[in-house]
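Engineer: dropping the sequence and predicted coords here.
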Amino acid sequence: MQPTVRALFIKREKGGRSIRLQSAHAVEGGLDGDHHTGSTRRRQILLMSGKLLDELRIEPGAISENVVVDGLDVMTLQPGQQLQLGEALVAVTFPCEPCVQMDRVRYGLQDELQSRRGMFVKVIAPGIVRVGDSVEIRA
């Protein structure tokens with residue numbers, strides 16, 4: 001099965017609610033309109049495996065992820081690997097560590113997400129990412 005983008009989200013401000021999008025522009029520094037976007041930011045785009053959300057019965061967007069991917073365990077990706085997300089090229093940077101905010105979604109979720117929270121990526125080549133787009137490992 002070809003990995004695909006299930007859902008896309010941004011948060012316009014820290015602490016704000018996740019906004020579901022059908023498409024997003026990956027620009028230098030992250031997703032256009034997301035509060036984490038900035039060329040110097042380490043936390044540009046957070047990828048999350050859809051299968052894990054399903055397993056934990058978490059609604060997409062509930063834990064501040066930006067891109068939900070089906071058909072790929074994002075935790076198997078290695079720093080430096082490149083992915084084609086729709087028209088955008090991104091590179092894996094580091095895993096996301098679950099914080100105390102996860103327990104605000106559901107008590108105990110921070111522990112449930114240890115070593116499974118998702119992977120951050122940075123934008124190498126800008127482009128549009130759409131729900132349904134394929135996700136291809138490049139390098």
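Structural biologist: Good, I have the coordinates. Numbers count the residues shown, from 1 in each chain.

Engineer: buried sites along the helix or strand bottoming out on mean pLDDT in the chain?
Structural biologist: In the chain, the helix or strand scored least confidently by mean pLDDT, DSSP states H and E is helix 101-105, which has a mean of 89. Buried residues in helix 101-105, defined by neighbour count with 16 or more other C-beta atoms under 10 Å: residue 102. C-betas here are computed from N, CA, C, even on glycine.

Engineer: and the residue nearest the centre of the chain, what does it touch?
Structural biologist: By C-alpha atoms, centre = their mean, the chain has its centre lying nearest to residue 47, at 2.3 Å. By C-beta atoms under 8 Å, 6 or more residues apart in numbering, the contact set of residue 47 is 65-67, 69, 74, 77, 118-121.

Engineer: swap in 10 Å and give it another go.
Structural biologist: By C-beta atoms under 10 Å, 6 or more residues apart in numbering, residue 47 lies in contact with 5, 65-69, 72, 74-75, 77, 83, 85, 90, 92, 96, 118-121, 135.

Engineer: just the buried ones from the residues you listed, in ChimeraX syntax?
Structural biologist: In ChimeraX, the members of these classed as buried (16+ other C-beta under 10 Å) are selected with the following command:
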select :5,65,66,67,68,69,72,74,75,77,83,85,90,92,96,118,119,120,121,135
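
Engineer: with just CA atoms, put the very next helix or strand once past the least confident helix or strand of the chain into CSV.
Structural biologist: Next helix or strand after helix 101-105 toward the C-terminus (DSSP states H and E): helix 109-112. Extracted C-alpha coordinates of helix 109-112, given in CSV (Å, rounded to 0.1, in the frame of the first residue of the first chain):
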residue,chain,number,x,y,z
LEU,A,109,-1.7,9.6,27.0
GLN,A,110,1.8,11.1,27.6
ASP,A,111,3.0,7.6,28.7
GLU,A,112,1.1,5.8,25.9
